[in-house]
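Fold the stuff below for me.
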Amino acid sequence: MRKFFEWCLLISLFMSVQSCYAESWDDYANLDHAWDGQKTVTNKEFEQVMDALQQKAKKKEAKQKKKRAKKISGGGTSLHNELNPDKIITELESVKPASEELLINLPVTLVVDGQQLEKGYYNVVGERDKDNNKIYLALYQAHYLKAKIEANETEEDYGEDEVNFVKVKDYNDSFVKLIFGSIDFNAYAYIPFIE
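As a prediction, this is how the structure comes out:
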């Protein structure tokens, strides 16, 4: 009797599971008509909604800016108009960060004016001599000048993406080509090397 009861329970459970699956498949019959009642949105309506959302974000940003200014200045106005919290403070030139230095890694030992310039990292600064209008590339390690190389000015940008650049390229078996670019000028120099 117990086995009969277990079998009946198992069969009824199996039948109820099958009926659940059948009901879930019936839900997909109306899928073709799911979008029938929806309204299309024009580009103009979409842009209006986006503008409204952006205005809300701008208001929130302005409120936070006033809150920060209030924390700094105490919230009141100053006797000096240029120090009022609603006044936009212009950026000072002296506060601007210095431009990033141009750094190269010399993979070989260079020979500059009979002196050997060891492998390593060097900051390169391009300078134009005001007296004779020649261009020199100064190589520094830390704040020590290690070498000063005369370079030739060119209009070539060597296909670089940035305005300020410096690179060492292979030229032949005994020379490397040092290329330099800045806002003021582009230059190159051929330098002998030893391995």
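
Touching, Y158 and I179? I think so.
Yes: the criterion here is Cβ atoms under 8 Å, and Y158 meets it with I179 at 5.3 Å. For every residue, glycine as well, the C-beta is placed using N, CA and C.

Could you tell me which residues touch both of these two?
Listed as contacting both Y158 and I179 by Cβ atoms under 8 Å, 6 or more residues apart in numbering are F165, K167, N186.

Which of these fall within helices?
When the shared contacts of Y158 and I179 are checked against helices (DSSP state H), there are no matches.

before we move on, back to that, looking at Y158 and I179, which is more packed in?
Ranked by neighbour count (other Cβ atoms under 10 Å), Y158 and I179 place I179 first, with 20 against 14.

most residues in a single helix of this protein, which one?
The chain, longest helix under DSSP H: helix 43-73.

Only the buried residues of whatever helix or strand comes next after that helix, if you could.
Sequence-wise, the next helix or strand downstream of helix 43-73 (DSSP states H and E) is strand 102-106. For strand 102-106, burial by neighbour count (16 or more other Cβ atoms under 10 Å) applies to L102, I104, L106.

helices and strands around the biggest strand by length in the chain, which ones?
Secondary structure of the chain per DSSP state E: the longest strand is strand 144-154. On a contact count with 3 or more Cβ pairs under 8 Å, 6 or more residues apart in numbering; DSSP states H and E, strand 144-154 meets strand 109-112, strand 115-117, strand 135-141, strand 175-181, strand 186-194.

and the angle from the third one to strand 186-194?
Yep, that's strand 135-141 we're talking about. Per axes from the mean of the first three to the mean of the last three Cα atoms, to 10 degrees, the angle that strand 135-141 makes with strand 186-194 is 60 degrees.
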